[in-house]
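> Using only what follows, build the 3D model:
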Amino acid sequence: MSSNEQPAHPARDLAARIYVELIGRAFRGTDSAEQFKPDPANMAALCFGLAEAFLVKAEELRKAGPAKLSHYQAQDADLVDWLK
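Model (predicted):
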C-alpha cells in the first residue's frame, strides 16, 4: 500500500456508494420547482447509519451460517396442482 492510500473502511465505502445514489436521485432535474431538496449533510449522516446497519446485519447473517431449509417437501404433484 502506498503512503497516499487510506486503509479500507467498509462502512465509509458503502456509505459513499449509498450517498452517491441517493443524492443523485434527490437532486435529479425535474419539471417541478416545488420539489423538496434534502440537506446534503443530513443525507451523508443517513448514509453512514444505513451502511453501519447493513454491515451489522450482514455480519449477523454470516455468523448464523447458511439458511436452513424448511421441512416442506416439494414434489412434482404439488407443482402440477399450481398450474390448474
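> how about the helices of this structure, start to end?
10-26, 40-64, 76-82 (DSSP state H).
> how about a markdown table for the ones you listed, with mean neighbour count and mean pLDDT added?
From N, CA and C alone the C-beta is placed, and that goes for glycine too. Shown next, in a markdown table, are the helices of the chain (neighbours: other CB atoms under 10 Å; pLDDT from 0 to 100):
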| stretch | mean neighbour count | mean pLDDT |
| --- | --- | --- |
| helix 10-26 | 14 | 92 |
| helix 40-64 | 13 | 91 |
| helix 76-82 | 8 | 61 |
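> Not counting its neighbours along the chain, what's nearest residue 22?
Leaving out its chain neighbours, the residue that sits closest to residue 22 by CB to CB, 6 or more residues apart in numbering is residue 43, at 5.9 Å.
> Check the contact between the one you found and residue 21; I expect there is one.
No. Shown here, residue 43 and residue 21 do not form a contact pair, counting by CB atoms under 8 Å, at 10.5 Å.
> what do the two both touch?
Residues touching both residue 43 and residue 21 (CB atoms under 8 Å, 6 or more residues apart in numbering): there are none.
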